[in-house]
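Enquirer: need coordinates for the below:
(2 chains)
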Amino acid sequence: NAGVMQNPRHLVRRRGQEARLRCSPVKGHSHVYWYRQLPEEGLKFMVYLQKENIIDESGMPKERFSAEFPKEGPSILRIQQVVRGDSAAYFCASSPTQGNQPQHFGDGTRLSIL
Amino acid sequence: DAKTTQPPSMDCAEGRAANLPCNHSTISGNEYVYWYRQIHSQGPQYIIHGLKNNETNEMASLIITEDRKSSTLILPHATLRDTAVYYCIVRVASDGATNKLIFGTGTLLAVQP
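Expert: Here you go, the predicted structure:
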């Protein structure tokens, strides 16, 4: 079975552009989580989505960032008007249900802002 | 979610058992202990989790003390590929919970040849 797939693996954007990061969860998983890892720092939770619903976005910056997980297709993390501080590794994880099922992570998208 | 405390780094000889400790003295009765690791440039990899009983799988064993205030992850025969940052995380795991993982700074395990 394929694990969590993220693309692109590397993304380069200029300041002011938009970045779209995609995440396909493990087949059958309906819960998706996004985390961000700034250079030399730990992973920080951003947002938790269930199909078509945002459950918890307490870790997401209030401006420029948005996330969706449509009924069909991958989850998308969208960053508008990127700035240098957005440079980071963005990881997506998925789980089949809530409860004690572990989250499984993809290998991330490395976003670089010029 | 409860805070965890881990040593910043540890060394282990290849082929030996690696024992990684974690303190979680404020853990609640409904919080599970999860272990993940992150090998350089990769996404975090799930290893094992438990509530109060010791657990074992193909990767590792998890020993949780009777009072649940600390735990130890055991890699029985460490290899060079086990060099990674290991994270101990405690969180509530129930329907209705947010399920987010709160990562600390972890333990950098360096397996030496």
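Enquirer: only C-alpha atoms for contact and neighbour calcs from this point on.
Expert: OK.
Enquirer: centre-most residue in chain A?
Expert: residue A:34 (3.7 Å; Cα atoms, centre = their mean).
Enquirer: how near is the most centrally placed residue in chain B to residue B:86?
Expert: Most central in chain B under Cα atoms, centre = their mean is residue B:35, positioned 3.1 Å from the mean C-alpha point. Between residue B:35 and residue B:86 the distance is 7 Å, computed by Cα to Cα, to the nearest Å.
Enquirer: please apply the same query to residue A:108.
Expert: Counting by Cα to Cα, the gap from residue A:108 to residue B:86 is 18 Å.
Enquirer: that older thread, what helix or strand does the residue nearest to the centre of chain A sit in?
Expert: Element membership for residue A:34 (DSSP states H and E) is strand A:31-37.
Enquirer: what sits up against that strand?
Expert: A:25, A:43-51, A:69, A:75, A:77, A:88-98, B:100 (Cα atoms under 8 Å, 6 or more residues apart in numbering or on different chains).
Enquirer: just stretch B:15-22 next, same as before
Expert: For stretch B:15-22, with Cα under 8 Å, 6+ apart as the criterion, the contacting residues are B:4-7, B:12, B:70-79, B:88, B:107.
Enquirer: and what of stretch A:6-14?
Expert: Against stretch A:6-14 from outside (Cα under 8 Å, 6+ apart): A:19, A:21-24, A:82, A:91-92, A:106-114.
Enquirer: mind listing what's buried in it?
Expert: A:6, A:7, A:9, A:11, A:13 (16 or more other Cα atoms under 10 Å in any protein chain shown).
Enquirer: same thing with stretch B:28-48?
Expert: B:31-38, B:43-48.
Enquirer: for these, work out which two are farthest apart.
Expert: Based on Cα to Cα, the longest span within these runs between B:31 and B:43 and measures 23.6 Å.
Enquirer: who does the helix or strand of chain A with the lowest mean pLDDT touch, helix- and strand-wise?
Expert: For chain A, using mean pLDDT, DSSP states H and E, the weakest element among its helices and strands is strand A:53-56, scoring a mean of 91. The elements that strand A:53-56 packs onto, with contact taken as 3 or more Cα pairs under 8 Å, 6 or more residues apart in numbering or on different chains; DSSP states H and E, are strand A:43-50, strand A:65-68.
Enquirer: tell me the mean pLDDT for the first one?
Expert: Strand A:43-50 shows an average pLDDT of 94 in the prediction.
Enquirer: list of residues touching the least confident helix or strand of chain A?
Expert: So strand A:53-56 is contacted by A:47, A:48, A:49, A:67, A:68, A:69, B:98 (Cα under 8 Å, 6+ apart).
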